[in-house]
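Asker: dropping the sequence and predicted coords here.
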Amino acid sequence: MVILSWTASASDSMHADAAGYCIYRSTGRKDSPPERVNRMPLPVTSCADDVVEDGEKFYYVVRAISANGVISVGSNTVLARIPNGKPINPAKITAPLCRDSADHK
């Protein structure tokens, strides 16, 4: 499991307030296009990605989306390496899941 958190997108005269955030994930820095993890924008600034594999690495990008549907440029790309071993106890995770629970297969 990967816990992601980011700073809320700042609004100014050129950028609207963020209504939510879209999380994108890939297994390689140059993957095109990265997979969108959440179907609906998240209204929070942290989430837990529970659909990862031990021993793998994933690259994440977050994009803000306004109430008008305008999507921002991506954040800096962040690498998460998933260690082999004991999984995190889901009961100890306070962040919501990044994915929509209906998307989990």
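Answerer: Received the coordinates, thanks.

Asker: hey, let's count contacts and neighbours off CA atoms from now on
Answerer: Fine.

Asker: ok, the residue nearest to the spatial centre of the chain - contacts?
Answerer: Among the residues of the chain, the one closest to the centroid is residue 23, at 3.1 Å (CA atoms, centre = their mean). If you count contacts by CA atoms under 8 Å, 6 or more residues apart in numbering, residue 23 has them with 36, 37, 38, 60, 61, 62, 63, 98.

Asker: now those in CSV, with neighbour count, secondary structure and distance to residue 17?
Answerer: As requested, these are exported to CSV (neighbours: other CA atoms under 10 Å; DSSP: H, G, I helix; E, B strand; the rest coil; distance: CA to CA, whole Å):
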residue, neighbour count, secondary structure, distance to residue 17
36, 17, strand, 21
37, 20, coil, 22
38, 18, coil, 19
60, 23, strand, 22
61, 18, strand, 19
62, 22, strand, 15
63, 18, strand, 12
98, 27, coil, 20
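
Asker: residue 11 contacts residue 65, correct?
Answerer: No. The pair residue 11 / residue 65 is not scored as a contact, 11.6 Å apart, by CA atoms under 8 Å.

Asker: follow-up on the earlier one: what's opposite the residue nearest to the centre of the chain in the beta bridge?
Answerer: residue 62 (DSSP bridges).

Asker: let's have the contacts of residue 23 in TSV, adding pLDDT and distance to residue 72.
Answerer: Below are those laid out as TSV (pLDDT from 0 to 100; distance: CA to CA, whole Å):
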residue	pLDDT	distance to residue 72
36	93	14
37	94	16
38	94	16
60	95	15
61	94	11
62	95	9
63	94	5
98	92	18
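
Asker: ok so, going back, shared neighbours of residue 11 and residue 65, anything?
Answerer: residue 18.

Asker: neighbour count for these two, which is higher?
Answerer: Higher neighbour count among residue 11 and residue 65: residue 65, with 22 against 11, using other CA atoms under 10 Å.

Asker: so what's the more buried one closest to, chain neighbours aside?
Answerer: With CA to CA, 6 or more residues apart in numbering as the measure, residue 71 is the residue that lies nearest to residue 65, at 4.4 Å, once sequence neighbours are left out.
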